[in-house]
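Peer 1: build me a structure from this.
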Amino acid sequence: MEFYNGNLYFLDTNNSQVWRYRSSGDGYADAPEPYFTEGTKVNISSVIDSGVDGNVWLLHPNGTVLKYFNGAQEAFALDIIDPPIGNAVTMWVNEAEGPDGRLYLGDAATDRILVFDKLGKLLSQLTPVDHAGSLKDMRSIYVDENTNYLYIVTDTAVYQTPLPTIANAG
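Peer 2: Alright, predicted model coming up:
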């Protein structure tokens, strides 16, 4: 589930659809509407996470991120990195556009969180300094940009850590 601009978005991998619930004042009483229009061929059965910032971002386990706007796929690709993403498990997307726009991808196989701008440029690789291997069972991440903290949920723990300064690609 994602929240953006007063709307709720639910990823439905069984039906290859993202359902948008529009706020109806006191809640979300109206039926959901499909994000992908009828006739649009989209296979999201393997998508494991999503983000919404006006665009809909979909993460696949191999690290592929697809970007959609108004239900249509947009051109987008992440930088090729070494080592490559081995087991993407989670993604967090901020609402900023332009140089401050960020995608955070959790890669459990390589024990790191990768930070990209919204053009796909790699900005940073965050790895645990004192607890090597602790992100191997990572499940979710969240960035609080107001307090500048990164939260990481694993199978056995919740971590909170100050987010380092991440420079824009230049």
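
Peer 1: so, low pLDDT: which residues of the protein?
Peer 2: Scanning the chain for pLDDT under 70 picks out 131, 169-170.

Peer 1: nearest the geometric middle of it, what residue?
Peer 2: For the chain, residue 91 is the residue whose C-alpha lies nearest the centre (Cα atoms, centre = their mean; 2.9 Å).

Peer 1: any idea how far whichever strand or helix holds it is from the chain center?
Peer 2: Using DSSP states H and E, residue 91 maps to strand 88-93. Its chain's average C-alpha position is 4 Å from that of strand 88-93, according to Cα atoms, centre = their mean, to the nearest Å.

Peer 1: does residue 61 touch residue 88 like I think?
Peer 2: Yes - if you go by Cβ atoms under 8 Å, residue 61 and residue 88 touch, sitting 5.5 Å apart. C-beta: built from backbone N, CA, C; applies to glycine.

Peer 1: in space, what's closest to residue 95 - neighbours in sequence excluded?
Peer 2: With sequence-adjacent residues excluded and distances taken as Cβ to Cβ, 6 or more residues apart in numbering, residue 95 is closest to residue 53, at 4.7 Å.

Peer 1: isn't that neighbour up against residue 101?
Peer 2: Yes - the criterion here is Cβ under 8 Å, and residue 53 meets it with residue 101 at 7.3 Å.
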